[in-house]
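> model the following, please.
(one chain, ligands or ions: 1)
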Amino acid sequence: MRARNSDKAINLLFNVTPPLFEDYRDPILDALRRRSIDARASLLGDIAHQDVDYIIHATGGPITDFAPFSNARAVLSLWAGVEKIVGNATLTQPLCRMVDDGLRQGMVEWVVGHALRAHLGMDRYVCQKPLTWEQHVPPLATDRSVTILGLGELGSAAATALVQLGFRVTGWSRRAREVAGVRCLAGMEKLPQALASAEILIGLLPQTPETIDLLNAERLALLPKGSFIINAGRGTLIEDDALIAALDSGRVAQATLDVFRTEPVPSGHPFWSHPGVTISPHVAAATRVGTAAENIADNIARAESGTPLMNLVDRTLSY
Ligand code: NAP
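Residues are numbered from 1 along each chain as shown. Presented below is the predicted three-dimensional model:
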């Protein structure tokens, strides 16, 4: 990686939609300026391909062929999930994904909120019409087992928050992990064990060839009867038909889904009308301009000083 020539402004190409360009341009330029880096922001067509130093990327941007940007030192994604770009064969530049405090805190709040909703049976009283005086005392968190699929940046933060509330938390990942207070399991052979104790199952896995349809009918059948599913990773994790069948049979009591195979969920999809499904329109953890601009500026500053980039995507693993 070449060291920065401090006299020269660097060129950022925003491969994003026009509204995102408006939202992110000034915060990123300001964050770079605070790091003594002068930068210019362009959209496709405003700058020669070979002059681009960094590409700021979000799904929906016009560039699909990254090959002409032969001097670009990195492609920096504004989103945490990179499944739509990671397989692009023209992308030979390093690809970094978004990992920041805004995403982490947002996901912790959303997961804890929905886990507590399931744990306390809140819908019973919030949605019950007409209201009746029926007392259903929930167990304490110490008597509730929660499994989180995915123990990465977001999964481990959510796991830690749930441990702090007293839940018995199991986490599952590809490689062996250690998270304080969490029973950590790794690898396909441990998945049945992770599912068997999941009274509340939380999905925080990326979309990769290995995770697509991971939760099929056979694996959903391993869940304790009446379990709750909360999925905020990617919608392809769970086979839609198998989930509907598991809800109908009572194996799964309720599914709160923030991510879907097709977004927005098409009208007429059974999720819209199923009483056991809550549709949350991909709002679990949004990228926030303030924290994301700092992350992008930090990474560019690293590259410019010859320090290795953060949050590099491993192309061989697709995440
Ligand atoms: P991350 O740090 O890359 O963590 C991914 C986790 O999944 C890791 O623990 C990884 O295992 C595990 N994993 C991946 N493939 C696996 C496999 N085949 N078997 C078992 N475990 C596997 O990602 P993150 O930042 O936590 O984000 C997770 C996902 O959340 C993102 O990819 C994105 O799709 C989604 N997301 C959703 C929203 C939303 O608003 N709904 C917002 C942000 C992100 P290792 O630890 O062994 O690597």
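> all contacts plus neighbour counts: C-alpha atoms, from now on.
Noted.
> point me to the residue of the stretch 201-319 of the chain nearest the ligand.
Taking C-alpha to the nearest ligand atom, the ligand has its nearest neighbour within the stretch 201-319 of the chain at P206, 3.3 Å off.
> mind checking the SS state of that residue?
Judged by DSSP: H, G, I helix; E, B strand; the rest coil, the three-state class of P206 is coil.
> can you offset everything so residue one is 695?
Sounds good: first residue 695 from here, last item P900.
> what sits against it?
Going by C-alpha atoms under 8 Å, 6 or more residues apart in numbering, P900 touches G775, E777, G844, G927, R928, Y1013.
> contacts with the ligand among these, please.
The residues of the contacts of P900 that also fall near the ligand, by C-alpha under 6 Å from any ligand atom, are G775, G844, G927, R928, Y1013.
> look up which residues are beta-bridged to R734.
R734 forms beta bridges with N705, as assigned by DSSP bridges.
> wait, it touches K702, no?
No: when contacts are counted by C-alpha atoms under 8 Å, R734 is not listed as touching K702 (10.3 Å).
> for the closest residue to W773 other than its chain neighbours, list the residues it contacts.
Counting by C-alpha to C-alpha, 6 or more residues apart in numbering, M792 is the residue found nearest to W773 once chain neighbours are left out, at 5.2 Å. Going by C-alpha under 8 Å, 6+ apart, M792 touches L770, S771, L772, W773, A774, G775, A986, N989, N1005.
> for I932, same thing?
By C-alpha under 8 Å, 6+ apart, the contact set of I932 is I906, D907, L908, L909, N910.
> in PyMOL, how would I select just the buried ones from those?
Only the buried entries of the contacts of I932 go into this PyMOL selection, using 16 or more other C-alpha atoms under 10 Å:
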select buried, resi 906+907+908+909+910
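> next, format the contacts of I932 as a markdown table and append pLDDT.
Putting the contacts of I932 into a markdown table (pLDDT from 0 to 100) gives the following:
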| residue | pLDDT |
| --- | --- |
| I906 | 98 |
| D907 | 98 |
| L908 | 98 |
| L909 | 98 |
| N910 | 98 |
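> mind splitting this protein into its structural domains?
The record assigns the chain these domain ranges, following automatic domain parsing: 704-794+981-999, 795-973.
> columns distance to R1009 on top of those, output as TSV?
Shown next, in TSV, are the domains of the chain (distance: least, C-alpha to C-alpha, whole Å):
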stretch	distance to R1009
domain 704-794+981-999	6
domain 795-973	10
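> can you pick out the most distant pair from the contacts of M792?
With distances taken as C-alpha to C-alpha, the most widely separated pair in the contacts of M792 is G775 and N989, at 15.4 Å.
> please list the residues of the stretch 745-894 of the chain that sit near the ligand.
A774, G775, G844, L845, G846, E847, L848, G849, S867, R868, R869, G881.
> buried members of the residues you listed into ChimeraX, please.
Buried members of these, defined by 16+ other C-alpha under 10 Å, are picked up in ChimeraX with:
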select :774,775,844,845,846,848,849,867
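> run through the chain and note the low-pLDDT ranges.
695-701 (pLDDT under 70).
> hey, where'd the strands end up in it?
Listed in chain order, the strands of the chain (DSSP state E) span residues 704-709, 733-736, 748-751, 768-771, 789-790, 839-843, 862-867, 877-880, 894-897, 921-925, 946-951, 971-973.
> tell me which of the ones you listed is the most buried.
strand 894-897 (a mean of 27; mean count of other C-alpha atoms under 10 Å).
> how close does the residue sitting furthest away from the middle of the chain sit to the ligand?
If you look at how far each residue of the chain sits from its centre, by C-alpha atoms, centre = their mean, the farthest one is W827, at 39.7 Å. Distance of W827 to the ligand, computed by C-alpha to the nearest ligand atom, to the nearest Å: 36 Å.
> same check on S771?
According to C-alpha to the nearest ligand atom, S771 and the ligand sit 12 Å apart.
> shouldn't that residue be in contact with C790?
Yes: between S771 and C790 there is a contact at 6.0 Å, judged by C-alpha under 8 Å.
> beta-bridge partners for L843, please?
W866, G897.
> near the ligand, which residues of the stretch 895-1013 of the chain show up?
Residues of the stretch 895-1013 of the chain lying close to the ligand (C-alpha under 6 Å from any ligand atom) are 898-901, 904-905, 926-928, 952-953, 976-980, 1013.
> any chance of a PyMOL selection covering the buried ones in these?
Buried residues among these (16+ other C-alpha under 10 Å), as a PyMOL selection:
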select buried, resi 898+899+900+901+926+927+928+952+953+976+978+979+1013
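> pull the most distant pair out of the ones next to the ligand among the contacts of P900.
Using C-alpha to C-alpha, the ones next to the ligand among the contacts of P900 span at most 13.1 Å, a distance reached by G775 and G844.
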